[in-house]
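Colleague: how would this look folded up:
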Amino acid sequence: MPLAAWLVSLFGSVLSSFMTWFMARFAYETALRITLTTAFLVTAAAMATALSLTIKTTVMSAQVSLPPIFSGALMFLPPNLNKVMAIIITIRISKLLYQWTVSGLSAYLPNNPRTIWTHGAGA
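Modeller: Okay, the predicted model is just below:
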């Protein structure tokens, strides 16, 4: 009977250690993903707002600085043109940044031909 108590105690201790390690790792990875996602969303929102205001200011300055014949043509632009253009540009820049980041990270992945040649074959 004392052997069974010792075995149950050992099993509980090992399981407790493993679950502590697993939860700490899971919590760290989850927190990291949430932090990166939040940083991306905040940066994208700031970039879209800045682009929107830049486009709006450019259209308004063109309206003021152009002769009356040409500035009348700006009346036919849709009122949400600056927001739509800012979102399109933000999405394209985000896509390019994602592709650039993934291509940079792929150099560090195992079985990459570029890393095999730089570190020697079979290393």
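Colleague: Which strand or helix spans T57?
Modeller: Of the helices and strands defined by DSSP states H and E, T57 is found in helix 2-65.
Colleague: Check whether Q63 really touches G72, as I assumed.
Modeller: No. Judged on Cβ atoms under 8 Å, Q63 makes no contact with G72 at a distance of 9.2 Å. Every residue, glycine included, has its C-beta placed from N, CA and C.
Colleague: neighbour count winner among the two?
Modeller: Q63 (16 against 11; other Cβ atoms under 10 Å).
Colleague: circling back to that earlier point, mind giving me the packing neighbours of the helix or strand that comes right after the helix holding T57?
Modeller: Where DSSP H and E defines the elements, the next helix or strand beyond helix 2-65 is helix 68-71. If contacts are counted by 3 or more Cβ pairs under 8 Å, 6 or more residues apart in numbering; DSSP states H and E, helix 68-71 sits against helix 2-65.
Colleague: Where does P78 fall, secondary structure wise?
Modeller: Judged by DSSP H and E, P78 forms part of no helix or strand.
Colleague: lowest-confidence helix or strand of this protein?
Modeller: Every helix and strand in the chain was compared by mean pLDDT, DSSP states H and E; the lowest is helix 113-119, with a mean of 53.
Colleague: center of this protein - which residue?
Modeller: With distances taken as Cα atoms, centre = their mean, the residue of the chain nearest its centroid is F40 (4.3 Å).
Colleague: distance of that residue from A46?
Modeller: Using Cβ to Cβ, to the nearest Å, we find F40 at a distance of 11 Å from A46.
Colleague: Likewise for L66?
Modeller: 30 Å.
Colleague: what's the answer for S65, then?
Modeller: 28 Å.
Colleague: now swap in A5 and tell me
Modeller: On the measure of Cβ to Cβ, A5 and A46 end up 60 Å apart.
Colleague: cool, I89 as well?
Modeller: I89 is 13 Å from A46, by Cβ to Cβ.
Colleague: ok, residues contacting the helix or strand N82 falls within?
Modeller: If you go by DSSP H and E, N82 is part of helix 81-105. Helix 81-105 is contacted from outside by 40, 44, 47-56, 59, 78, using Cβ atoms under 8 Å, 6 or more residues apart in numbering.
Colleague: Having no further points to raise, I will conclude here.
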